[in-house]
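Asks: predicted model and sequence below, questions to follow.
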Amino acid sequence: MTDDARLPVPDVVEWPIFPFEGEFQVRKIEPPFAEERLRHGDPGGPPCGCETEDADEWIWSDGTWKVTRIRFGEAEAGFPSYMLGTVEHMDFGDMSEELAAQFGVMSLRMERALMTLPNVGRVHINRWGDGGAHMHVWFLGRPFGAWQFSGYMLPLWGFILPGLDNERLAENDRLVAEALAQAGSF
Ligand SMILES: [Zn+2]
């Protein structure tokens, strides 16, 4: 492959779960940086959101864990979208094994909490961590029966689908917080 050659377009653009249609070309691949890019909350990087965020915006917390609502860009998601993170600033790999064991239990509780919400067919759990150095894991409630939003395309659909209305968002927040509170403490 020459430096300016583009890789061929893969069949995935024809899959029914792919959100876009039309003519595509693969973006030119830039050479990697010599160092990992500094993320929000990395030492020497831009500040982490945890330094300025208002705990009133959390929908639930037990003092160790917090749950916040995910927005896609500036818009609310069209399906239940929540982030589980630690209250204390740490990266995923910084968790003690004891805390990681709690994370396993919290993942189960989040899955069960989101499954109690109306119109959720399955809960997708994603962890990337390329934007922020603060431990955070996404829990996305894929709409019931909506196979077109399956798998790893769901986050992309989050930028496309019309957002849930404020009443539904508030009720979902309340139901998730209630389910987590009822699930117990550590
Ligand atoms: Zn942080």
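Replies: Cool, got the structure. Just so it is clear, the structure is predicted and the values come from calculations on it, not from any experiment. Numbering: from 1, shown residues only.

Asks: so where's the protein uncertain?
Replies: Low-confidence segments of the chain, defined by pLDDT under 70: 1-4.

Asks: would you map the helices across it?
Replies: 97-115, 154-158, 166-182 (DSSP state H).

Asks: which of those sits closest to the ion?
Replies: Ranking those by proximity to the ion (C-beta to the ion) places helix 97-115 first, at 14.7 Å. C-beta: built from backbone N, CA, C; applies to glycine.

Asks: sorry, back to before: winner for burial among the helices of the chain?
Replies: With neighbours taken as mean count of other C-beta atoms under 10 Å, the helices of the chain reach their highest mean count in helix 154-158, at a mean of 20.

Asks: what about dumping the CA coordinates of it to CSV?
Replies: What follows is helix 154-158, C-alpha atoms only, in CSV (Å, rounded to 0.1, in the frame of the first residue of the first chain):
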residue,chain,number,x,y,z
LEU,A,154,-25.9,1.4,18.7
PRO,A,155,-23.6,4.2,19.9
LEU,A,156,-23.7,5.7,16.4
TRP,A,157,-27.5,5.5,16.3
GLY,A,158,-27.3,7.5,19.6
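
Asks: got a list of what the most centrally placed residue in the chain touches?
Replies: Nearest to the geometric centre of the chain sits residue 138, at 2.8 Å (C-alpha atoms, centre = their mean). Residues in contact with residue 138, defined by C-beta atoms under 8 Å, 6 or more residues apart in numbering, are 70, 81-83, 124-128, 155.
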